[in-house]
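Novice: Fold the stuff below for me.
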Amino acid sequence: MAVINTGQYVLSNVLKNQNVDWGGLLLWSAGWLVWAIVTPLVMNWARRYPIERDKMALRLMVHFAAGLVAALVVFVAEVSVSYVVRTWSSESSPPLISFLGIFTYKFHVNLLIYWVIVGITHAYDYYIQKADLENALARAQWLALRMQLQPHFLFNTHHAISALVLKKENDAAIQMLTRLSDLLRLTLESPQTNEIPLKKELEFINLYLDIQSIRFANRLRITRDIDSASLDALVPNWILQPLVENALEHALAATSDSGELVIQSRCSGENLIVVIIDDGPGLPDMINEGIGLTNTRKRLRQLYGDRARLILQNRPRGVSATIQLPLHYETSNDPIG
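Specialist: Here you go, the predicted structure:
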């Protein structure tokens, strides 16, 4: 404000072909210079004694008193500068007139400036707190959705292991338990973040498919068509497992025939495309989406809004589940999570 004031004053005098009164300019800008020093103190005071609903009367009195003190400090500084300027310029007007002039013209303005600083501080802090709360709520909802998926996956895997034991295929059951342990260990060691690189997500899927390959013996063929440029792109943690599980359950588990599962990924403009394809019987006319698909849609919407989508489509043979989301990468300045 002091810089703006100075610029306006100098420009006004130049346009009027008048000499710049540097003493008057110093007096005019003195208040703003003092406010530059006092403002951090006022902001700290406003945060120490916020105006809250249950203590509003007391806090208003505290800030009214503090406002008077702040305005008085600025007033004293301006009067002091006025005295120096008057002495330097040998001005003959009575000091009392200068004193009253500064008091009547600027004291109430300084009091108002104090309240403006308090108001802006409260508004800024409210905005920051609101943003923090929204982020915390979004993360809590995301974690809740993810926690719903893991028990669902564990239940299905436990059911598959039990089926192997009942069929006395104990070696296969032990291999599946070992792969499940590897998968759980990798899950526990992975960072608890909203997003991970696609290559990390594919590590989860490979371990999961190891488990399912044991379950389906030699009936499962897996084809991976992964664009290397897409491996470092970020995807939601644990986003592919429900789609792979659906493909296996609806295309392979219901038949004794062999089947193929295809995993594709590619970068397309500003988007990352990941597709899971099976060669099963296809989608029925009426689809009742379960926990896996429902949570996948919710998580995509929560993280990316309308910029992401999940598309289920029948193919000439089988179904494709396509995830499209914004193509982005982890950076040191923008940590995931």
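
Novice: doesn't D225 fall inside a strand?
Specialist: Yes. Under DSSP: H, G, I helix; E, B strand; the rest coil, D225 falls within a strand.

Novice: tally of neighbours for G119?
Specialist: Using other CB atoms under 10 Å, G119 is surrounded by 12 other residues. For the C-beta atoms, the positions are set from N, CA and C on the backbone; glycine is no exception.

Novice: just checking, it is part of a helix?
Specialist: Yes. Counting by three-state DSSP, G119 is part of a helix.

Novice: let's have the chain start at 44 instead
Specialist: Will do, 44 is the new start, and the previous item becomes G162.

Novice: Tell me where the model's unsure across the protein.
Specialist: The chain contains residues with pLDDT under 70 at 44-49, 51-53, 61-71, 129, 131-141, 176, 179-195, 231, 233-235, 375-380.

Novice: would you list every one of the strands in it?
Specialist: Ranges of strands in the chain, per DSSP state E, are 238-240, 263-269, 277-279, 302-311, 314-321, 352-357, 362-369.

Novice: Out of those, which is closest to H201?
Specialist: Of all the strands of the chain, strand 263-269 sits nearest to H201, with 19.4 Å by CB to CB.

Novice: Could you list the buried residues of that closest one?
Specialist: Using 16 or more other CB atoms under 10 Å as the test for burial, strand 263-269 gives L263.

Novice: Over to stretch 224-240?
Specialist: If you call a residue buried by 16+ other CB under 10 Å, then stretch 224-240 has these buried ones: 226, 237-240.

Novice: roughly how far apart are the residue most central in space within the chain and Q172?
Specialist: Most central in the chain under CA atoms, centre = their mean is N178, positioned 5.8 Å from the mean C-alpha point. For N178, the distance to Q172 equals 11 Å [CB to CB, to the nearest Å].

Novice: what do you get for T374?
Specialist: Counting by CB to CB, the gap from T374 to Q172 is 26 Å.

Novice: buried stuff in stretch 215-226?
Specialist: 215-216, 218-220, 222-223, 226.

Novice: Contacts for that stretch next, please.
Specialist: Stretch 215-226 has contacts (CB atoms under 8 Å, 6 or more residues apart in numbering) with 200, 203-204, 207-208, 247, 250-251, 253-254, 257-258, 260.
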